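**Q** Fold the following.
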Amino acid sequence: MDYCVDNRVMKIIKSLQIIAESRLYWLVHIIGGVALLATALVSQYVFEEYPCVVCIQIRLWISLLVLVSIGGLILRKMLLMNSVMQLGVVIASIGFVERSYLLLGTEKGFIFGDCGFSLGLPAWFAIDQWVPWAYQVEAACGYTPEIIFGITMAEALIVISVGLSVVSVVFAFALLAGLVKRA
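**A** Alright, predicted model coming up:
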């Protein structure tokens, strides 16, 4: 009985490793991240829903996700580098969850914090000055726009970020299991 369970688990892990090495896996991350960034920019420039500091921080985490995913796409056939890129996705997704939770908490009133107009980034990483059209804070925190059916942007972001985190952790474990098996 134990052999059957172990065999099934190993088949699942192997399937996850094959998916993580696929071009489609990394393209989904890239396209998903770009779609989220595009949605934020449409919301900002078409619907005039200006971003707060937490919104911009979320954009930064999503931008990191896209950059790491581009690396994952390029390095996907090398198990060690694929695993490193997958860990990068885990880190970016955890940052995305934390900022989304803060945004939701601020909107719903269960988190109270000081939300100014400074991103709090070091001077050597002044992305809000380099790319102000995408990363400049323009509003105070407090609410996010309704997207559809009464669902706000903050509510949608927490669902998306948690889903991404769960998926990325599962794939990271599968890739790390492959590294351990080869060692």
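**Q** Got the phi and psi for Glu146?
**A** Dihedral pair for Glu146: phi -70, psi 140, per degrees, to the nearest 10.
**Q** Beta-bridge partners for it, please?
**A** Beta-bridge partners for Glu146, by DSSP bridges, are Thr152.
**Q** which residues touch Phe125?
**A** Residues counted as contacts of Phe125 (CB atoms under 8 Å, 6 or more residues apart in numbering): none. From N, CA and C alone the C-beta is placed, and that goes for glycine too.
**Q** separation between it and Pro51?
**A** Shown here: Phe125 relative to Pro51, a distance of 18 Å by CB to CB, to the nearest Å.
**Q** The strand or helix carrying Ser83: what's the following helix or strand?
**A** Using DSSP states H and E, Ser83 sits in helix 79-108. Downstream of helix 79-108, the first helix or strand assigned by DSSP H and E is helix 127-130.
**Q** Counting by contacts, list what the helix or strand just after that following helix packs against.
**A** Remark: after helix 127-130, the chain's next helix or strand is helix 132-135, criterion DSSP H and E. If you count contacts as 3 or more CB pairs under 8 Å, 6 or more residues apart in numbering; DSSP states H and E, helix 132-135 packs onto helix 23-45, helix 53-75.
**Q** Mind giving me the packing neighbours of the last one?
**A** Taking 3+ CB pairs under 8 Å, 6+ apart as the contact definition, the neighbouring helices and strands of helix 53-75 are helix 23-45, helix 79-108, helix 132-135.
**Q** Please identify the most buried of the ones you listed.
**A** helix 79-108 (a mean of 20; mean count of other CB atoms under 10 Å).
**Q** returning to what we had before: make JSON lines out of the helices and strands packed on helix 132-135 and add distance to Ser93.
**A** Converted to JSON lines, the helices and strands packed on helix 132-135 look like this (distance: least, CB to CB, whole Å):
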{"stretch": "helix 23-45", "distance to Ser93": "10"}
{"stretch": "helix 53-75", "distance to Ser93": "7"}
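**Q** right, and the ones you listed - which one's nearest Glu155?
**A** Distance to Glu155, taken as CB to CB, is lowest for helix 53-75 among the helices and strands packed on helix 132-135, at 13.3 Å.
**Q** and that closest one, average pLDDT?
**A** For helix 53-75, the mean per-residue pLDDT is 95.
**Q** Taking helix 23-45 as reference, get the angle to that helix.
**A** Using axes from the mean of the first three to the mean of the last three CA atoms, to 10 degrees, the direction of helix 53-75 lies 160 degrees away from that of helix 23-45.
**Q** so how far is helix 53-75 off the chain centroid?
**A** Helix 53-75 sits 6 Å away from the centroid of its parent chain (CA atoms, centre = their mean, to the nearest Å).
**Q** wait, which of the helices and strands packed on helix 132-135 is closest to Lys14?
**A** Across the helices and strands packed on helix 132-135, closest to Lys14 is helix 23-45 (CB to CB), at 14.5 Å.
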